[in-house]
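*Asks:* Could you look at this predicted model? Sequence included:
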Amino acid sequence: MTAATAQQVLDAARARGWRVASAESCTGGMLAAALTDIPGSSHMMDRGFVTYSNAAKVEMLGVRQATLDAYGAVSEEVAREMAQGARALSGADLTVSITGIAGPGGTDTKPEGRVCFAVASPSGCHSETVDFGALGRDGVRAASRDHALDLLYRAATKG
């Protein structure tokens, strides 16, 4: 399923003449790997930023320290800054960011399985939070990768 969705994302990006980039935290590059597993992806995939630490988010994507301090890394505010930073600092038209709690662990306010996403495109930036639940680390990471692929596909195909 992941390969088929990744192919659909790349086909939709190609149809629009768009390049794609990812900004990943809890998935550690799984989304970029899914996209670059597809032969010919180099025509649409520009780059992937793996920004696991807060310092990397600031240094590589321009996330503001004040945003991290106010909302924490697992927030829509940070996800938006990650996606917008990836778009501004790459040759991509369409970017997606992923930041969350893969587990094990979490807190009452930010439980395991909570992941924030943002998509930035020429039409703006949209963010959302998904609570996948305690699927285990591998499950949360895979669900996050798949959800980000769906978000990219929807953004690339909306009129």
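*Replies:* That came in fine, so what should we check first?

*Asks:* Every contact and neighbour count from this point should use C-alpha atoms.
*Replies:* Noted.

*Asks:* quick one, strands of the protein?
*Replies:* Counting by DSSP state E, the chain has strands at residues 20-24, 45-50, 94-100, 114-121, 124-131.

*Asks:* Can you tell me the centre-most residue of the chain?
*Replies:* By C-alpha atoms, centre = their mean, the chain has its centre lying nearest to residue 97, at 2.5 Å.

*Asks:* Quick check: the gap between the closest residue to that one other than its chain neighbours and residue 105.
*Replies:* What sits nearest to residue 97 in space, not counting adjacent residues and going by C-alpha to C-alpha, 6 or more residues apart in numbering, is residue 23, at 4.5 Å. Going from residue 23 to residue 105 by C-alpha to C-alpha, to the nearest Å gives 23 Å.

*Asks:* right, and residue 80 touches residue 128 too?
*Replies:* No. If you go by C-alpha atoms under 8 Å, residue 80 and residue 128 don't touch, sitting 9.3 Å apart.

*Asks:* Overlap of the contact sets of the two?
*Replies:* 117, 118 (C-alpha atoms under 8 Å, 6 or more residues apart in numbering).

*Asks:* Quick check on the two: which one has the bigger neighbour count.
*Replies:* Neighbours of residue 80 and residue 128, each counted by other C-alpha atoms under 10 Å, are more numerous for residue 80; the result is 24 against 14.

*Asks:* on that earlier part again, which one's more surrounded, residue 23 and residue 105?
*Replies:* Taking neighbours as other C-alpha under 10 Å, residue 23 and residue 105 compare with residue 23 leading, 34 against 14.

*Asks:* how close does the more buried one sit to residue 55?
*Replies:* Note on residue 23: its distance to residue 55, by C-alpha to C-alpha, is 14 Å.

*Asks:* again, but for residue 25
*Replies:* Using C-alpha to C-alpha, residue 25 is found at 12 Å from residue 55.

*Asks:* Not counting sequence-adjacent ones, nearest residue to residue 37?
*Replies:* Counting by C-alpha to C-alpha, 6+ apart, residue 37 lies nearest to residue 3, which is 7.8 Å off, once chain neighbours are set aside.
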